[in-house]
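Q: Show me the folded form of this:
(2 chains)
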Amino acid sequence: MKRHLLSAADLTRDDAELVLATADEMRSLADRPIKKLPALRGRTVVNLFFEDSTRTRISFEAAAKRLSADVINFAAKGSSLSKGESLKDTALTLEAMGADAVVVRHGSSGAPHRLAHSGWVRSSVVNAGDGTHEHPTQALLDAFTMWKHLGGSRPGGLEGRKIAIVGDVLHSRVARSNALLLRTLGAEVTLVAPPTLLPVGIEGWPVETSYDLDSVLPKADAVMMLRVQRERMHGGFFPTAREYSRRYGLDGKRMATLQDHTIVMHPGPMVRGMEITADVADSDRSVIVEQVTNGVAVRMAVLYLLLSGNEPAGSMVEGEE
Amino acid sequence: MPSRDTATTDVGRVVLDDLDITRALTRISHEILERNKGAGDLVLLGIPSRGVPLAQRIAARMAAVEGYDVPVGSIDVTMYRDDLRMKPARALLHTQIPAGGIDGKVVVLVDDVLFSGRTIRAALDALNDIGRPKAVRLAVLVDRGHRELPIRADFVGKNLPTSLVERVKVTLAGVDDVDAVTIQGTLANTDGEGEA
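A: Below you'll find the model as predicted:
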């Protein structure tokens, strides 16, 4: 693995499979009386969140604490960040505090890249969502959830699986990271959205695209619904919310056309009644709550593989002494 | 087995062959049962990778003698190692604690080679986070000496005096091609296979 995790494209097939296998071991920790491992004792992980996020920050915090790392939370509100301090000065402060890893969420695409490659900090940088660009650990936890359900937890388990990602692809960093990672793992991704919500340059992505949800659903092994990100929309991307729901929302009737083994996913936060109806979100097919649980295990795996040694993990080493 | 016909590759000297290993495991199984006065309360935990098949073989022999399936599991000690941060981050191996847990049980740790004792120390720490056994015992196929910690094995397949430059390699059918314990000289490969 590289020293930073900035993009899902940073991960090779071996790296990605290593993260999944490691996360699988981390997940068993949840069944133990003492949910703590000593691997990152004495390391410091800084959560640097310029954008509001509850689940991602809590997930990273739980992951770091379960590995015995010390966690410092830096939120934009109520800190010097809201007083106009630059990214650089914040980074220098973190460096002076001796952070081993910086988990960064920023509203601007590329901010984690800047932090990692400007020479301001020596720590590993983990992208926890930058603008509309990428969110690699979300993609890893989505892939992990699919791998557990569809891939039998085996290496190469997602090879040839058909994944539909539906909704606001344009504003979604989750969609981009998922498309890249799932392709790396050998899955076939179809993005389904109205033409106005597909990004320019989509032809260059390693995916199929479709405007017709009903034709894609019967073939999919997993369906991931994306939230319509109204806070990022400045203009008319579709006529009305109701029309969007009718054409691109997942309701009980559409769910009935899915194959028996197909799972329904959502990266959260979901808007019930918009992209997904309540009966679908609460159905047996829905693995939305499980995705949150898996998020902690996957982030533990990422932090462990980046930080536990004197350099990040290479390829799988068998029979270590 | 590769033949030892070339001078450039050191395939080593075989000190235990498949029959020797089978006999040693049978004796260890009986010793554990005798010491424990039966198979009740026993839990066998193999240390990956080669401690796990050894634990399974011991359990199979116990089942043949006692007519009782002793719970077998595995315990990965990677995250408890004292040299964790001195090397590149390492892949985790599988931990599988039997359904009954280890609280109040007699846990027998099983490993292939006992060397510095640091792996066993890590395993004791790992056990500490999983539960509180009534007692912990240690069974190893080979004890090669050179302890760096006050740790000893309760059940030993073979005591093998070695020099520090030598390497002890354990191969087991199922994981590797054949059952064998070999000693290699200074020309040995460096992947640390099956050594502890």
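
Q: contacting residues for the spatially most central residue of chain B?
A: Taking C-alpha atoms, centre = their mean, the centroid of chain B lies closest to B:D111, which sits 1.0 Å from it. Taking C-beta atoms under 8 Å, 6 or more residues apart in numbering or on different chains, we find B:D111 in contact with B:46-47, B:50-51, B:54, B:119-120, B:123, B:138-141, B:196. C-beta here means a position set from N, CA and C on the backbone, and glycine is covered the same way.

Q: And A:L150, by the same measure?
A: A:G157, A:L158, A:R161, A:D221, A:A222, A:H261, A:I263.

Q: and the gap between the first one and B:Y68?
A: Just to be clear, that refers to A:G157. 36 Å (C-beta to C-beta, to the nearest Å).

Q: just B:H94 next, same as before
A: Taken as C-beta to C-beta, the span from B:H94 to B:Y68 is 25 Å.

Q: Which member of the contacts of A:L150 is positioned nearest chain B?
A: The shortest gap between chain B and any of the contacts of A:L150 belongs to A:G157, at 16.2 Å (C-beta to the nearest C-beta).

Q: Surely the closest one is in a helix?
A: No. Read with DSSP: H, G, I helix; E, B strand; the rest coil, A:G157 is coil and lies in no helix.

Q: Give me the nearest residue to it, chain neighbours excluded.
A: A:G151 (2.1 Å; C-beta to C-beta, 6 or more residues apart in numbering or on different chains).

Q: Can you classify that neighbour as helix, strand or coil?
A: coil.

Q: so who does it touch?
A: Applying C-beta under 8 Å, 6+ apart, the residues near A:G151 are A:G157, A:L158, A:R161.

Q: ok, so of those residues, who is nearest A:V45?
A: For those, the minimum distance to A:V45 (C-beta to C-beta) is 28.6 Å, reached by A:L158.

Q: And that closest one, how close does it get to B:A55?
A: 32 Å.

Q: Secondary structure element holding the most centrally placed residue in chain A?
A: Central residue of chain A (C-alpha atoms, centre = their mean): A:Q138, 0.9 Å from the mean position. Element membership for A:Q138, per DSSP states H and E: helix A:136-149.

Q: Mind checking the pLDDT average for that helix?
A: The average pLDDT within helix A:136-149 is 97.

Q: Give me the buried positions along stretch A:30-38.
A: A:L37, A:P38 (16 or more other C-beta atoms under 10 Å in any protein chain shown).

Q: End to end on it, go ahead and measure it.
A: 15 Å (C-alpha to C-alpha, to the nearest Å).

Q: any idea where the strands of chain B begin and end?
A: Assignment of strands within chain B using DSSP state E yields the ranges B:13-16, B:42-46, B:72-74, B:106-114, B:135-143, B:155-159, B:167-171, B:180-184.

Q: any low-confidence regions in chain B?
A: Filtered on pLDDT under 70, chain B yields the residue ranges B:1-10, B:186-196.

Q: how about a cut-off of 90?
A: In the predicted model, chain B carries pLDDT under 90 at residues B:1-13, B:40, B:49, B:67-68, B:85, B:173-177, B:184-196.

Q: Now do the buried residues in the lengthiest helix in chain A.
A: If you go by DSSP state H, chain A has its longest helix at helix A:288-307. Neighbour-count burial for helix A:288-307 flags A:288, A:290-292, A:294-307 (criterion: 16+ other C-beta under 10 Å).

Q: what does stretch A:100-114 give?
A: A:D100, A:A101, A:V102, A:V103, A:V104, A:R105, A:H106, A:A111, A:P112, A:H113, A:R114.

Q: Next: stretch A:166-184.
A: A:166-184.

Q: swap in stretch A:213-230?
A: Neighbour-count burial for stretch A:213-230 [16+ other C-beta under 10 Å]: A:213, A:216-217, A:220-229.

Q: A:D10 contacts A:R3, correct?
A: No. Taking contacts as C-beta atoms under 8 Å, A:D10 lies outside contact range of A:R3: 9.7 Å.
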